[in-house]
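**Q** take this sequence and fold it.
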Amino acid sequence: MVTRINLVLSPEAAADRETIIKRSASKLRCKNTDINDIRIIRKSIDARRPAIQVNIEIEVFTGSEPAKIPLRKFEHNDVSRAREVIIVGSGPAGLFAALRLIELGLRPVIIERGKDVSSRKIDLARISREHIVDPDSNYCFGEGGAGTYSDGKLYTRSKKRGDNRMVIELLHTFGADERILYEAHPHIGTDKLPGIIRKIRETIIECGGIFLMNSRVTDITIEGDKVTGVKVGTVSYRADKVILATGHSARDIYYLLDKLGIALNLKPFAIGVRIEHPQEVIDRIQYHGQDRGAFLPAASYTLARQVNGRGVYSFCMCPGGFIVPSATSDGEVVVNGMSPSLRNSVWANSGIVTEIRPDDLNAFNVYGVLAGLKFQESSEKMAWENGGKRQTAPAQRVSDYVYGKTSGTLPRCSYFPGIVSSPLHKWLPEPVNGAITEGLKEFGRIMKGFLTNEAVIIGVESRSSSPVRIPRDQDTLEHIEIAGLYPCGEGSGYAGGIVSSAVDGVRVAEAIAIESGLITRDI
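**A** Purely as a prediction, here's the structure:
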């Protein structure tokens, strides 16, 4: 017999399997020995009151051997002689599109501008130590995409565009810890993701898929209104189905599409800074001054407020994490956050961003649908100029920023290339500066102790989403003008984060299979 129950436990009790079984038996009015097994369905922390609790939803198996619910497994097919589909980019959208294509009997040919996960590490180290950015191998570009070395958060607000659960279960199949199956905010960790990405690549190749690394697409070939393939330099690769899964930082692709006269749309986006506190400060605020101890994780937060009708919110909060340099070329400074799997750094960081509206882009309207992209680039160049014209980043103590004071000194910071004092309140573009200043004041009222000079802000956090959308048909997912061209993932403007990008990749793969007559639309 299988019974689903909910328990409310102390953090210590929730960490002990025998205690969970004992409490389950008490709730079901049976003996401990009657319980053959338990399976955690969902686990979350409730820290709203001083007595912190953990809510657990579990399945309890009694009476006979439990029939475990099978998790989604990858269906291996030999597609070495199957019809080919080109995938540009090997981030979550591209990789999960490839996996689903294989299951559906199609052969993915993945063209990736960057290097494999192992080689990529060398180039990441050069950014921090030598301040040299390889435009094809960095925190944004390379095998696995931006997520590989930027945390691995798996929660998403998107619930309507596909099977999020399938993606989570497949990531577990490829090596992610089982906790991602039930935690309210699942997270893999930047130290674990490279190995998972490597296993996915090896599986795709074993099934007959093709990987072309260090191969930046320089052209998309079109005949009439149909795609016929892509070019990497002078080398052509032909296919009548091309998935564009290039990520939101592949600006050269947007410029290429615009040059080819392929329709693009201006898309809402956000820009701001990254804030970093000592983790103990966030723990003290969120856990009501209590010592976190061994049974509570590094505390996190989610903040959002309207400031004069403009949204200001936290983004990609990284408890126990680090701030990393995410520029994709020299002449720009971009910051992002990540956490290792144990979230055991002494720092906590998060993006604090505000929405950018069409009226904010008036000075860039000459660039048409690329106005947002140019605004983004301009902000990153300002960060470069004010950061010492290296990958060192401009920074300011938080209270100093809010009250318009230049910071004479800066606190220790996780950003390895280094930070330099800069009056961000003077050069951050308006209305970004005004909105974030007032937003931080509001956040300080919500979380007492958040607005402190123990914390530092670093600029700029500019790649939270794409400022461009590549329009596609709602049903077929093809580009609205070019048959066989499938914009996909964050770079297309239809996803944000690992899970929603992966789900979008799966949806595109299935749309191609439907068009190819391999499956029906009600799959």
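
**Q** mean confidence (pLDDT) on stretch 369-380, please.
**A** Mean per-residue pLDDT for stretch 369-380: 97.

**Q** report the buried residues of it.
**A** By 16 or more other Cβ atoms under 10 Å, the buried positions in stretch 369-380 come out as 369-377, 379-380. Yep, even glycine has a C-beta here, placed from its N, CA and C like the rest.

**Q** got it, and stretch 194-205?
**A** In stretch 194-205, counting by 16+ other Cβ under 10 Å, buried: 194, 196-198, 200-201, 203-204.

**Q** how about the buried residues of stretch 369-380 in a markdown table, adding distance to Gly517 and secondary structure?
**A** Formatted as a markdown table, those follow (distance: Cβ to Cβ, whole Å; DSSP: H, G, I helix; E, B strand; the rest coil):
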| residue | distance to Gly517 | secondary structure |
| --- | --- | --- |
| Val369 | 35 | helix |
| Leu370 | 37 | helix |
| Ala371 | 41 | helix |
| Gly372 | 39 | helix |
| Leu373 | 38 | helix |
| Lys374 | 43 | helix |
| Phe375 | 44 | helix |
| Gln376 | 41 | helix |
| Glu377 | 43 | helix |
| Ser379 | 47 | helix |
| Glu380 | 45 | helix |
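
**Q** what about the longest helix in the protein?
**A** helix 498-515 (DSSP state H).

**Q** from the buried residues of stretch 369-380, which two are the most distant?
**A** Distances among the buried residues of stretch 369-380 were taken as Cβ to Cβ; the most separated pair is Val369 and Glu380, at 19.2 Å.

**Q** picking up where we left off before, only C-alpha atoms, please: export the longest helix of the chain in CSV.
**A** Taking C-alpha atoms only, helix 498-515 is exported to CSV below (Å, rounded to 0.1, in the frame of the first residue of the first chain):
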residue,chain,number,x,y,z
ILE,A,498,18.3,25.7,-17.5
VAL,A,499,14.9,24.0,-17.1
SER,A,500,12.8,26.2,-19.3
SER,A,501,15.5,26.2,-22.0
ALA,A,502,15.7,22.4,-21.9
VAL,A,503,12.0,22.1,-22.1
ASP,A,504,11.9,24.5,-25.1
GLY,A,505,14.6,22.3,-26.8
VAL,A,506,12.4,19.2,-26.2
ARG,A,507,9.3,21.0,-27.6
VAL,A,508,11.2,22.1,-30.8
ALA,A,509,12.5,18.6,-31.3
GLU,A,510,9.0,17.2,-31.1
ALA,A,511,7.7,19.9,-33.5
ILE,A,512,10.3,18.8,-36.0
ALA,A,513,9.3,15.2,-35.6
ILE,A,514,5.7,16.1,-36.1
GLU,A,515,6.5,18.0,-39.3
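
**Q** and it, what does it pack against?
**A** Contact here means 3 or more Cβ pairs under 8 Å, 6 or more residues apart in numbering; DSSP states H and E; on that basis helix 498-515 packs against helix 92-103, helix 164-173, strand 242-244, strand 485-487.

**Q** how does it look with 7 Å?
**A** For helix 498-515, the elements it packs on are helix 92-103, helix 164-173, judged by 3 or more Cβ pairs under 7 Å, 6 or more residues apart in numbering; DSSP states H and E.

**Q** list the contacts for the closest residue to Ser399 other than its chain neighbours?
**A** Leaving aside its chain neighbours, Ser399 sits nearest to Asn453 (4.4 Å; criterion: Cβ to Cβ, 6 or more residues apart in numbering). Asn453 is in contact with 397-400, counting by Cβ atoms under 7 Å, 6 or more residues apart in numbering.

**Q** closest to Ala299 among the residues you listed?
**A** For these, the nearest to Ala299 is Val398 (17.6 Å; Cβ to Cβ).

**Q** mind naming the longest strand for this structure?
**A** Counting residues, the longest strand found in the chain (DSSP state E) is strand 35-46.

**Q** quick one: mean pLDDT over the helix or strand following that one.
**A** With elements assigned by DSSP states H and E, the helix or strand that comes after strand 35-46 is strand 53-62. Average pLDDT, strand 53-62: 94.

**Q** elements contacting strand 53-62?
**A** Going by 3+ Cβ pairs under 7 Å, 6+ apart, strand 53-62 lies up against strand 2-9, helix 11-14, helix 17-28, strand 35-46.

**Q** right, and these - which one's nearest Leu518?
**A** Closest of those to Leu518 is strand 35-46, at 33.8 Å (criterion: Cβ to Cβ).

**Q** which residues does that closest one contact?
**A** Contacts for strand 35-46 (Cβ under 7 Å, 6+ apart): 4, 20-21, 24-25, 52-62, 65-66, 182-184.

**Q** the residue nearest to Ser399 and Arg445, how far apart?
**A** 17 Å (Cβ to Cβ, to the nearest Å).

**Q** relative to Val324, how far out is Gly209?
**A** 30 Å.

**Q** same question, Ile436
**A** 21 Å.

**Q** next: Ile110.
**A** Separation of Ile110 from Val324 (Cβ to Cβ) stands at 25 Å.

**Q** ditto for Ser24
**A** Distance, Ser24 to Val324, using Cβ to Cβ: 42 Å.

**Q** what does Gly63 give?
**A** 51 Å.

**Q** and those two? Which one has more around it.
**A** Per other Cβ atoms under 10 Å, whichever of Gly63 and Val324 has more neighbours is Val324, with 26 against 12.

**Q** isn't the more buried one right next to Ser339, touching?
**A** No - counting by Cβ atoms under 7 Å, Val324 does not reach Ser339; the two are 10.6 Å apart.

**Q** these two touch, right, Ile102 and Gly209?
**A** Yes - Ile102 lies in contact with Gly209 (Cβ under 7 Å); the separation is 6.3 Å.

**Q** overlap in contacts of the two?
**A** Shared contacts of Ile102 and Gly209 (Cβ under 7 Å, 6+ apart): 79, 108.

**Q** about what we covered before: including mean neighbour count, mean pLDDT and distance to Phe416, could the helices and strands packed on strand 53-62 go into JSON lines?
**A** Shown next, in JSON lines, are the helices and strands packed on strand 53-62 (neighbours: other Cβ atoms under 10 Å; pLDDT from 0 to 100; distance: least, Cβ to Cβ, whole Å):
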{"stretch": "strand 2-9", "mean neighbour count": "14", "mean pLDDT": "95", "distance to Phe416": "39"}
{"stretch": "helix 11-14", "mean neighbour count": "18", "mean pLDDT": "96", "distance to Phe416": "32"}
{"stretch": "helix 17-28", "mean neighbour count": "15", "mean pLDDT": "95", "distance to Phe416": "39"}
{"stretch": "strand 35-46", "mean neighbour count": "16", "mean pLDDT": "92", "distance to Phe416": "30"}
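
**Q** can you pull the contacts of the residue lying closest to Pro319 once chain neighbours are set aside?
**A** Distances taken as Cβ to Cβ, 6+ apart put Ala298 closest to Pro319, at 3.7 Å, once the chain neighbours are dropped. For Ala298, the contact set (Cβ under 7 Å, 6+ apart) comprises 279, 283, 319-320, 343, 348.

**Q** for Asp330, which of the helices and strands packed on helix 498-515 is the nearest?
**A** helix 92-103 (26.2 Å).

**Q** output the next helix or strand after that closest one as PDB, nothing but the C-alphas.
**A** Sequence-wise, the next helix or strand downstream of helix 92-103 (DSSP H and E) is strand 107-111. Output of strand 107-111 as PDB, limited to C-alpha atoms (Å, rounded to 0.1, in the frame of the first residue of the first chain):
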ATOM      1  CA  ARG A 107      20.300  12.500 -36.000                       C
ATOM      2  CA  PRO A 108      21.400  15.700 -34.200                       C
ATOM      3  CA  VAL A 109      24.500  17.500 -35.600                       C
ATOM      4  CA  ILE A 110      25.500  19.900 -32.800                       C
ATOM      5  CA  ILE A 111      27.700  22.800 -33.900                       C
END
